[in-house]
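> Structure of the sequence below:
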Amino acid sequence: MEGRKLILYLDTSVIGGYYDDEFLQETQQLFQSIKDKKKDLISYENKEEI
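Numbers count the residues shown, from 1 in each chain. Down below sits the predicted model:
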């Protein structure tokens, strides 16, 4: 897979890891790799009527 970026779908619990001491270091590394454009993050909004 050399030359191809990993595309990620992140659940909100992964994003919450940024504020959790247990997962802080790994989550910061993940977000830094996204900022450095080593990985792509795709987001979408899924609205359901309640």
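> Any idea how many residues pack against G3?
The number of residues packed around G3, counting by other Cβ atoms under 10 Å, is 4. In this view, the C-beta of every residue, glycine as well, is placed from N, C-alpha and C.
> Can you tell me the closest non-neighbouring residue to D20?
Using Cβ to Cβ, 6 or more residues apart in numbering and skipping the chain neighbours, the partner closest in space to D20 is T27 (7.7 Å).
> Just list what the helix or strand harbouring that neighbour packs against, helices and strands only.
Using DSSP states H and E, the element containing T27 is helix 24-35. In terms of contacts (3 or more Cβ pairs under 8 Å, 6 or more residues apart in numbering; DSSP states H and E), helix 24-35 is packed against helix 12-16, strand 39-41.
> as a whole number, average confidence for it?
Summarised as a single mean, pLDDT over helix 24-35 is 91.
> Now do the buried residues in that helix.
Across helix 24-35, burial judged by 16 or more other Cβ atoms under 10 Å covers T27, L30, F31, I34.
> Nearest to the spatial middle of this structure, which residue is it?
The centroid of the chain falls nearest to L10 when counting by Cα atoms, centre = their mean (4.7 Å).
> Please read off the pLDDT at it from the model.
For L10, pLDDT reads 79.
> you'd agree it is up against D40?
No - under the criterion of Cβ atoms under 8 Å, L10 makes no contact with D40, lying 11.3 Å away.
> any idea how far L30 is from D36?
Distance, D36 to L30, using Cβ to Cβ, to the nearest Å: 11 Å.
> what's the answer for K39, then?
On the measure of Cβ to Cβ, K39 and L30 end up 8 Å apart.
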